[in-house]
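> below is the sequence, then the predicted model.
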Amino acid sequence: MRRRILLYYPDMETVLLFHTSHRQAWLNEQDGAFRFAGTRGWRLQVVEPSNGRPCVRELIDLWKPIGCLVECSGEKSDFFDPADFANIPTVFLGRDPRTLPAWASYVNPSRNGPGARAAMELLKADFKSFAFIASSGNHFWSRDREAEFRSILHLHGLDCAVFGRKETFRSEKTRGKACAAFLKALPKPCGVMAENDYLAAYVLDLARRLRIAVPSRLAVIGVDDDTSLCENAHPALSSVYLDFEQAGYRACEILSLLVADPSAGPVRETYGALGLIRRSSTPVGSGVPPRAAKMLAYVRGHACEGITAADVAAQIAGSRRLAELDFLRATGTTIKEEINRVRFERVEILLRVPSQRLGAIAHQCGWETENALRAAFRKRYGVSMRDWRRRQSAGRGQKGQSPLT
């Protein structure tokens, strides 16, 4: 039996990393933090969530860290008392700014991005009825997403129904019944944005129970792109992909500045959306004939699984040649070109995440080998994947802001 030897270096600088969530967003933030820590030789000591309030001051006395990172984006966003961190360099992640003192630094999701992306996607599908679904947490980022979503719709002269923001319920059961009644009463077809993927998946489950067809009668978009949820929802959930990994990296970068200069003022930044991952919970567009729409939906849901044009054509009755002609007339592009468009759209999003290995991106986006993706990418973009990633990273600016492209 092989023994695993863990080496500890007493002179390593330690940073305590507190968190409240186990969601994929947190794991991505953690990846970014570890990526930066590796450049400085920091030891990141993760403090797992507990049932009671953590003994922050005792942990600081024990580890004697140079600083702390405090992730607050879970259900207990106000779980940590900022006063416990007043005498040590600290950066908060996902904390409501209204609950923080003047000295506090933070990296939060931007107000701009998720709501606009969801609204534009649903507008392109020619919806005229819209709704936003909020949880009972009334999180600041949820309010921001709702405000942006409604603002974009208002620019187009359209209204938006909202559930869960002002109502109070005795239990989750009564809340569920009220949400089901809300969805049932919405004018159909309706485009729905939920504050995050967990709530969006819940909406899809309610729609299935109510026998509301998705996406033809009810289209649903979430936020965070938690793949374990999105790809196992029925149907698969479209979601806005946020730059969580860069948020973790930038939080560490800010912390290093505060450690170097304890007298520096607070640094407050936001991170944006990298893109929209389209899946089967949103329609392919308006005015597309049924045969082509069925093929388009299949491409959207399976392009990154290595499918071919023949696989797509097999989804409808008739010959492959007829299917190709129907697709070309409806979309102006061939099936193969559409498969590649969807794949490269996903490649671009993943390339903006620095911790994503190029080989892993190839398999996640439908290519059998990394070399095959590299060759296809250079042919399409005229540069290597590494150079494209470098340019995108430079475009984020010195403060690590993500472009909302």
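Cool, the structure landed.
> tell me which residues of the helix or strand where Leu199 lies are tucked away?
Using DSSP states H and E, Leu199 sits in helix 197-210. By 16 or more other CB atoms under 10 Å, the buried positions in helix 197-210 come out as 197, 199-204, 206-207. (Each C-beta comes from the backbone N, C-alpha and C, glycine too.)
> what about Arg35, distance to Ser171?
42 Å (CB to CB, to the nearest Å).
> who has more neighbours, the two?
Arg35 (16 against 8; other CB atoms under 10 Å).
> just confirm the more buried one is within a strand.
No: assignment of Arg35 by DSSP: H, G, I helix; E, B strand; the rest coil gives helix, placing it outside any strand.
> my guess is it contacts Tyr249, does it?
Yes: judged on CB atoms under 8 Å, Arg35 makes contact with Tyr249 at a distance of 5.6 Å.
> ok, Glu338 - contacts?
296, 299, 303, 327, 331 (CB atoms under 8 Å, 6 or more residues apart in numbering).
> now with 10 Å, please.
284, 295-296, 299-300, 303, 309, 312, 327-328, 331-332 (CB atoms under 10 Å, 6 or more residues apart in numbering).
> which ones are touching the nearest residue to Glu245 once chain neighbours are set aside?
Once flanking residues are discounted, Glu245 sits nearest to Gly32: 4.2 Å by CB to CB, 6 or more residues apart in numbering. Applying CB under 10 Å, 6+ apart to Gly32 gives the contacts 93, 107, 243-253, 271, 353-355, 400.
> quick check: PyMOL command selecting the buried ones in these.
Burial among the contacts of Gly32 is assessed by 16+ other CB under 10 Å; the matching PyMOL selection reads:
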select buried, resi 93+107+243+244+245+246+247+248+249+250+251+252+253+271+353+400
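> so which of the contacts of Gly32 sit within helices?
244-253 (DSSP state H).
> can I assume Ala236 sits in a strand?
No: counting by three-state DSSP, Ala236 falls outside a strand, being coil.
> surely it touches Arg279?
Yes: with contact defined as CB atoms under 10 Å, Ala236 counts as touching Arg279 (3.8 Å).
> any low-confidence regions in the stretch 151-300 of the chain?
286-287 (pLDDT under 70).
> can we see that at 80?
Along the stretch 151-300 of the chain, segments meeting pLDDT under 80 span 285-288.
> where do the helices sit along it?
Assigned by DSSP state H, counting those that start in this stretch, the helices in the stretch 151-300 of the chain fall at 172-185, 197-210, 227-230, 244-260, 290-302.
> please save the CA atoms from stretch 151-165 in PDB.
The C-alpha coordinates for stretch 151-165 follow below in PDB (Å, rounded to 0.1, in the frame of the first residue of the first chain):
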ATOM      1  CA  SER A 151     -35.100  47.100 -17.700                       C
ATOM      2  CA  ILE A 152     -34.200  45.500 -21.100                       C
ATOM      3  CA  LEU A 153     -37.800  44.400 -21.500                       C
ATOM      4  CA  HIS A 154     -39.100  47.800 -20.600                       C
ATOM      5  CA  LEU A 155     -36.900  49.300 -23.400                       C
ATOM      6  CA  HIS A 156     -39.000  47.100 -25.800                       C
ATOM      7  CA  GLY A 157     -42.300  48.200 -24.300                       C
ATOM      8  CA  LEU A 158     -42.800  44.900 -22.500                       C
ATOM      9  CA  ASP A 159     -43.800  44.100 -18.900                       C
ATOM     10  CA  CYS A 160     -42.500  41.300 -16.600                       C
ATOM     11  CA  ALA A 161     -44.400  39.400 -13.900                       C
ATOM     12  CA  VAL A 162     -42.300  38.700 -10.800                       C
ATOM     13  CA  PHE A 163     -42.800  35.800  -8.300                       C
ATOM     14  CA  GLY A 164     -41.200  35.500  -4.900                       C
ATOM     15  CA  ARG A 165     -39.900  39.000  -4.200                       C
END
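> buried set for that stretch?
Counting neighbours by 16+ other CB under 10 Å, stretch 151-165 gives 152-153, 158, 160-164 as buried.
> again with stretch 344-358
Quick answer for stretch 344-358 (16+ other CB under 10 Å): 344-353, 356, 358.
> any idea how far apart the tips of that stretch sit?
End-to-end distance for stretch 344-358: 13 Å, by CA to CA, to the nearest Å.
> what average pLDDT does that stretch get?
Across stretch 344-358, the average pLDDT comes to 86.
> what distance separates it from the centre of its chain?
Taking CA atoms, centre = their mean, to the nearest Å, the mean C-alpha location of stretch 344-358 is offset from the chain mean by 13 Å.
> from here on, call the first residue 220.
With the count now opening at 220, the last piece we talked about shows up as stretch 563-577.
> what is in contact with Arg254 and Tyr468 at once?
573-574.
> list just the nearest of the buried residues of stretch 370-384 to Asn559.
Ranked by distance to Asn559 (CB to CB), these are led by Ile371 at 29.5 Å.
> OK, contacts around that closest one?
334-339, 341-342, 349, 377, 379 are the contacts of Ile371 under CB under 10 Å, 6+ apart.
> just the ones of these in strands?
Counting by DSSP state E, the contacts of Ile371 place Phe349 in strands.
> got a quick PyMOL command for the buried subset of the contacts of Ile371?
Listed next is the PyMOL selection for buried residues among the contacts of Ile371, using 16+ other CB under 10 Å:
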select buried, resi 334+335+336+337+338+341+342+349+377+379
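> so which pair among the contacts of Ile371 is furthest apart in space?
Arg336 and Leu377 (16.3 Å).
> mind listing what's buried in the strand or helix carrying Gly251?
Here Gly251 sits within helix 243-259, counting by DSSP H and E. Within helix 243-259, the residues that qualify as buried are 243-245, 247-256, counting by 16+ other CB under 10 Å.
> circling back: reformat the contacts of Glu557 as TSV; add distance to Pro301.
Shown next, in TSV, are the contacts of Glu557 (distance: CB to CB, whole Å):
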residue	distance to Pro301
Val503	47
Met514	54
Leu515	49
Val518	48
Arg519	44
Ala522	46
Ala528	56
Val531	54
Phe546	56
Leu547	59
Thr550	53
Gly551	55
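> just these now: which is nearest Leu437?
Comparing the contacts of Glu557 against Leu437 with CB to CB picks out Val503 as the nearest, at 15.3 Å.
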